[in-house]
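K.L.:
the sequence isn't on hand, but the structure is:
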């Protein structure tokens, strides 16, 4: 058996300490899955003001108290504390960077929760955090085989490790995972000096005369991964998808891989989910109806037998394709279907959805906000799940839907293209309904195909079973990461 690797997994948010989206879920589930494969993996993140030390059992480590970290021409003290990330099967050590001004005095992670405006010192906050990652390893005398960094907030770790700290980390291999190209950690020219990087390094960490954390991560890592194979090829082909970093990506394209995110089967699993009306599996999938009744009740819609219920859980913005639904609302609700949506975001889209729900009170209902418990009920109670995204690096909800026997209707992009295949009644293959162009007419056609198939009960059951038979667990993804790590160590 191959010997276990030592791995440091670095992220700006890790569930349950801090979460704004999918990054936190990945940073929780993937390390635990790698731990189950036998690796010595530890995670590291900053401690924001909203994180309770008592609740999360965060405590001090004598060796990691009050050490100086330079940012620009000043120094601030870091204290790194200890906690752990657990599930019923395994446990991973967590290092938590604390500093009063940069992190603990601020309730939000990246922006002020009251105004929604980004913190003006985000450049300094994450330069500081990135340096503490490497200093912590030095103080512990622990030099991992692999340092796995995630998204822009950790992009300077590879750059520091390969320049200023090159001697200490010469044996470490560095993986950089991009979860979303939308945010690159781009800061004004005056931020560049705060890194204290040597002049010869600057072209690799700047883009358009600005400091760019993500470019630094891409330039200095041994391998770059994205959260799905299709998203990987999309950003290499399309200038818009890579948000301007197409040149540096093409230079490193032979080092790029797409590995699909997985599903945490201890949290998202209809067999054991405590948040749904009645547990079920592939053999008892008809018990979905109890969750459907509870869901319709929550959204104040009438229960109608033989009428499919489409669910949606989404941030309400341009990327998520909400405007496609608004464009064809009248044609959509002329069909035999019901629709529930949970989400928040752009006020204009919120207003548009509410207005549609008011026009079709027995067919459509919308809840503005986020509610984790209700999200589970939607996945279990809906017959179909909509994701008409413009782009989607990975997408987790379509995967949750397949696990819950809820048939996805998606646009073919990123991780949606990797997980959902058009159902063919002729061959009884496929697990959902797919449209190609970002176009409301094409979306409507896909919905109509799904509704027509739902009316054929025997055929619909095949679509549902196909989805529930897939292996979407983190175990699969963790094995791929483990192989990638080992290929570098050789």
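P.N.:
Okay, I see it. Because the structure is predicted, anything quoted here is derived from the model rather than measured.
K.L.:
can you give me the helices in the stretch 151-300 of the chain?
P.N.:
With DSSP state H, counting those that start in this stretch as the definition, the stretch 151-300 of the chain shows helices at residue ranges 156-162, 202-205, 213-220, 229-237, 246-251, 288-298.
K.L.:
pick the most deeply packed of these.
P.N.:
helix 213-220 (a mean of 27; mean count of other C-beta atoms under 10 Å). The way it works is simple: take the backbone N, C-alpha and C, and place the C-beta from them, glycine included.
K.L.:
quick one: mean pLDDT for that helix?
P.N.:
Mean pLDDT, computed over helix 213-220, is 96.
K.L.:
what helices and strands are in contact with it?
P.N.:
Counting by 3 or more C-beta pairs under 8 Å, 6 or more residues apart in numbering; DSSP states H and E, the packing neighbours recorded for helix 213-220 are helix 156-162, strand 173-178, strand 186-187, helix 202-205, helix 246-251.
K.L.:
what sits up against the fourth one?
P.N.:
Contacting residues not belonging to helix 202-205 are listed as 156, 159, 192, 195, 197, 211-213, 215-216, 219-220 [C-beta atoms under 8 Å, 6 or more residues apart in numbering].
K.L.:
could you check how far residue 11 is from residue 148?
P.N.:
From residue 11 across to residue 148, the span is 9 Å (C-beta to C-beta, to the nearest Å).
K.L.:
brain fart, residue 37
P.N.:
14 Å.
K.L.:
thinking again about what came up before, tell me the two of the contacts of helix 202-205 that are most distant?
P.N.:
Spatial extent of the contacts of helix 202-205 (C-beta to C-beta) is set by the pair 192 and 220 at 15.7 Å.
K.L.:
show me what the longest strand along the chain packs onto, helices and strands only.
P.N.:
When the chain is parsed with DSSP state E, its longest strand is strand 74-86. On a contact count with 3+ C-beta pairs under 8 Å, 6+ apart, strand 74-86 meets helix 22-36, strand 59-60, strand 67-71, strand 91-98, helix 122-140.
K.L.:
the ones you listed: which one's closest to residue 400?
P.N.:
Residue 400 sits nearest to helix 22-36 of all those, at 10.6 Å, using C-beta to C-beta.
K.L.:
now the angle between helix 122-140 and the following helix or strand past the closest one, please.
P.N.:
Next in sequence after helix 22-36, counting helices and strands by DSSP states H and E, comes strand 40-46. Here the directions of strand 40-46 and helix 122-140 differ by 140 degrees (axes from the mean of the first three to the mean of the last three C-alpha atoms, to 10 degrees).
K.L.:
now do the strands in the stretch 251-400 of the chain.
P.N.:
Secondary structure of the stretch 251-400 of the chain (DSSP state E, counting those that start in this stretch): strands located at 256-258, 309-316, 338-345, 364-368, 384-387.
K.L.:
could I get the helices and strands packed on helix 213-220 as a markdown table with mean pLDDT and distance to residue 140?
P.N.:
Putting those into a markdown table (pLDDT from 0 to 100; distance: least, C-beta to C-beta, whole Å) gives the following:
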| stretch | mean pLDDT | distance to residue 140 |
| --- | --- | --- |
| helix 156-162 | 98 | 15 |
| strand 173-178 | 97 | 18 |
| strand 186-187 | 96 | 30 |
| helix 202-205 | 91 | 26 |
| helix 246-251 | 86 | 32 |
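K.L.:
right, so of those, which gets closest to residue 359?
P.N.:
Each of the helices and strands packed on helix 213-220 has some distance to residue 359 by C-beta to C-beta; the shortest is strand 173-178, at 40.5 Å.
K.L.:
returning to that earlier point: the helices and strands packed on helix 213-220: which one's closest to residue 407?
P.N.:
strand 173-178 (29.4 Å).
K.L.:
where in the stretch 51-200 of the chain is pLDDT low?
P.N.:
Low-confidence segments of the stretch 51-200 of the chain (pLDDT under 70): none present.
K.L.:
make that the stretch 201-350 of the chain, sorry
P.N.:
239-243.
K.L.:
break this structure into its domains for me.
P.N.:
The chain breaks down by automatic domain parsing into domains covering 6-262+475-489, 282-471.
K.L.:
nearest to residue 272, out of those?
P.N.:
domain 6-262+475-489 (10.4 Å).
K.L.:
endpoints of that closest one, how far apart?
P.N.:
End-to-end distance of domain 6-262+475-489: 11 Å, with C-alpha to C-alpha, to the nearest Å as the criterion.
K.L.:
residue 233: what's its closest spatial neighbour, skipping adjacent residues?
P.N.:
Spatial nearest neighbour of residue 233, chain neighbours left out: residue 258 (7.3 Å); criterion: C-beta to C-beta, 6 or more residues apart in numbering.
K.L.:
give me every residue that touches the one you found.
P.N.:
Taking C-beta under 8 Å, 6+ apart as the criterion, residue 258 is in contact with 225-233, 418.
K.L.:
let's see that with 10 Å instead.
P.N.:
Counting by C-beta atoms under 10 Å, 6 or more residues apart in numbering, residue 258 makes contact with 178, 225-235, 393-394, 414-415, 418, 480.
K.L.:
and if you look at residue 313?
P.N.:
Listed by C-beta under 10 Å, 6+ apart, the contact set of residue 313 reads 340-343, 367, 370-372, 374-376, 378-379, 382, 385-387, 396-397, 400-401.
K.L.:
any chance of a ChimeraX selection covering the buried ones in the residues you listed?
P.N.:
Only the buried entries of the contacts of residue 313 go into this ChimeraX selection, using 16 or more other C-beta atoms under 10 Å:
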select :340,341,342,343,367,374,375,376,378,379,382,385,386,387,396,397,400,401
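K.L.:
and stretch 212-228, how far from the chain's centre?
P.N.:
Mean C-alpha position of stretch 212-228 versus that of the full chain (C-alpha atoms, centre = their mean, to the nearest Å) differs by 16 Å.
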